[in-house]
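K.L.:
Just a sequence and a predicted model for now, questions to come.
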Amino acid sequence: MAYADSVSDASARHKIIDSSTSKAYLIGGGIASMAAAVFLIRDGDFLGRNITILEELNEIGGSLDGSGSAEKGYVLRGGRMLESKYLCTYELFSSIPTLDESKTVTEEIFAWNETMKTSSKSRLFRDGIRQTAPAFGLSEKHILTIERLAFEPEAVLGDSRISDQFDPAFFETNFWFMWCTTFAFQPWHSAVEFKRYLVRFSHMVAGFDRLQGIMRTVYNQYDSMVRPLKKWLDDRGVVFQTNTCVTDIGISERDGTTTATRIIHERSGRSEEIAVEASDFVLVTLGSMTEASTQGGMDAIPELRGKADGGAWKLWQKIAKGRSEFGRPSAFDGHVDRSKWVSFTTTLHDPTFLRIIRDLSGNVPGEGGLITFPDSNWLASIVIPHQPHFIDQPEDVSVFWGYGLFVDKPGNFVGKPMSACTGREIMTELLGHLKITTEASKVLDTSICIPCMMPFITSQFLPRQQGDRPQVVPKGSRNLAFTGQFCELPHDVVFTVEYSVRSAQTAVYELLGLKREIPAVYQGKFDPRVLFKAFMALHDFHM
């Protein structure tokens, strides 16, 4: 019956589509909306001028950001990991030329990662000494639990936490330190999400001690992915309406069908309304992991804000009220103490720090990936990318990024919680863990470290129940779909570019009734070779 309903919904939508006159309104200016716009044009024959992206901020790109300057300091709130099985992402970017139009973005990424292969010689760094290919240190009980989780149905795990599945000793193993900092997991996060990650990245377990298989872009992801994507959309006339906060969506509910009829938004201090016609479509990026982010400075502390300081969570709360099929935002937006952390971007105007890191880690910039300090009370990590990391970055300037998971614990060297630290204090703490003393003042005097507080950055990992995340196209919806990190895509994992792109592709194809196949989510648990390599690695047997 459910299948028959979905078929009839698609048929009804398909009858009213006129690709030359139908309009699409995409709420949120992140990668999900931009990808949806590409799919609408490329696969749905939409005219670019009939697509409008409404973004609350004055910049497009969402969480794939990159801003600042060498003089004032560059800023990256974070960087998403890429790997070879992101099939939807690479399918999308196979249609997008690089900024110089010499190749596609997908071709550039794969060519770059043939040149710059990740192979960390210092994944963990303890007491001033790098640990090359550290042993996982798992007990047989831990391994059996991992294997059980990989095959246990999600319904059985329910809203349990990772800490409900493992004994306390698990959270002191090298495996956990490497796993949780690569993906930003906390012990109190969802066991279901942890399970999905185990399955989704099972093919990477064997190389996890060196971060082998992790892929990077040539520059930061804003310059390498967002800018080419926006140029492609600009060339086709897509309308980007920034500084526009959508506050409500008018919805008609009749005879079991749901139809978006209007979009209410605020712009330049005035409330305005967009009428949504019967042949139009509305795609909403639900929630935001970087909502209410704030920046500090070398001598300034970033402020902790909440869901009232932006429009994304308020919009979801408003449209979901009384509509269980639209999900439950309260599962994700009401636990800032369990979803926040602090990242920092440091701009270096002197080569001293990078030279020391190169010698300590054994890796040149861009080759090593994440370096984690397990003895850090903040559980801090840094990554030194290939330079330049920004297209406009001068040759004598370098940039690196880092973050801490336990931001309310006092630092080992500065004695203050990371959440209460300036950029100078964060750098001082980092220099302490690296045991840099004689040249510490020189590094501090020639650096600009900008911390960023993100209250919702891991909100998508919080324990959840079935229905907390809505379907991409809710049952009975004629013209409304949800995209981004807080809709439900079976098997795939949140906190990835792939999840946003897959949600966009799913939304467009289903709403338009397109008979096109979406690449299946890769699951290594069905490949005996992958399972064997993972089994050997978990037991610290090196092949």
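P.N.:
Structure received.
K.L.:
quick one, domains of this structure?
P.N.:
Split into domains by automatic domain parsing, the chain comes to 2-65+223-336+458-512, 124-212+523-538.
K.L.:
so which of those domains is the most packed in?
P.N.:
Greatest average neighbour count among those goes to domain 2-65+223-336+458-512 (a mean of 20), per mean count of other C-beta atoms under 10 Å. All C-beta atoms are positioned from the backbone trio N, CA, C, and that covers glycine.
K.L.:
Could you give the separation of it from the chain centroid?
P.N.:
Relative to the mean C-alpha coordinate of its chain, domain 2-65+223-336+458-512 is positioned 15 Å out (C-alpha atoms, centre = their mean, to the nearest Å).
K.L.:
Can you tell me, leaving aside adjacent residues, what's nearest to P519?
P.N.:
Nearest residue to P519, sequence neighbours excluded (C-beta to C-beta, 6 or more residues apart in numbering): L87, at 3.6 Å.
K.L.:
let me fix that: R200
P.N.:
V493 (4.7 Å).
K.L.:
what's the answer for G30, then?
P.N.:
G30 sits nearest to G62 (C-beta to C-beta, 6+ apart), 2.2 Å away.
K.L.:
Do me a favour and get the backbone dihedrals for the one you found.
P.N.:
phi 60, psi -130 (degrees, to the nearest 10).
K.L.:
so it makes contact with A35?
P.N.:
No. Using C-beta atoms under 8 Å, G62 is not in contact with A35, being 10.9 Å away.
K.L.:
Start and end of stretch 219-236, how far apart?
P.N.:
Here the two ends of stretch 219-236 are set 25 Å apart, with distance taken as C-alpha to C-alpha, to the nearest Å.
K.L.:
Quick one: residues in contact with that stretch.
P.N.:
With C-beta atoms under 8 Å, 6 or more residues apart in numbering as the test, stretch 219-236 has contacts from 31, 34-35, 37-38, 41, 48, 51, 60-61, 64-67, 76, 79-80, 93, 95-99, 105, 108-109, 217-218, 240, 385, 388-391, 497.
K.L.:
Tell me if I'm right that G297 and G423 touch.
P.N.:
Yes. With contact defined as C-beta under 8 Å, G297 counts as touching G423 (5.9 Å).
K.L.:
Are there residues contacting both of the two? Which ones?
P.N.:
Residues within reach of G297 and of G423 at once, by C-beta under 8 Å, 6+ apart, are 450-451.
K.L.:
ok, G73 to T261 distance?
P.N.:
To T261, G73 is 45 Å away according to C-beta to C-beta, to the nearest Å.
K.L.:
now swap in S22 and tell me
P.N.:
According to C-beta to C-beta, S22 and T261 sit 15 Å apart.
K.L.:
Report the rounded mean pLDDT for stretch 395-414.
P.N.:
For stretch 395-414, mean pLDDT is 97.
K.L.:
Give me the distance between the two termini of it.
P.N.:
The stretch stretch 395-414 measures 32 Å between its terminal residues, going by C-alpha to C-alpha.
K.L.:
Stretch 391-409 now?
P.N.:
This stretch, stretch 391-409, spans 36 Å end to end (C-alpha to C-alpha).
K.L.:
Kindly report the same for stretch 23-35.
P.N.:
End-to-end span of stretch 23-35 (C-alpha to C-alpha): 16 Å.
K.L.:
just stretch 88-106 next, same as before
P.N.:
Start-to-end, stretch 88-106 (C-alpha to C-alpha) is 11 Å.
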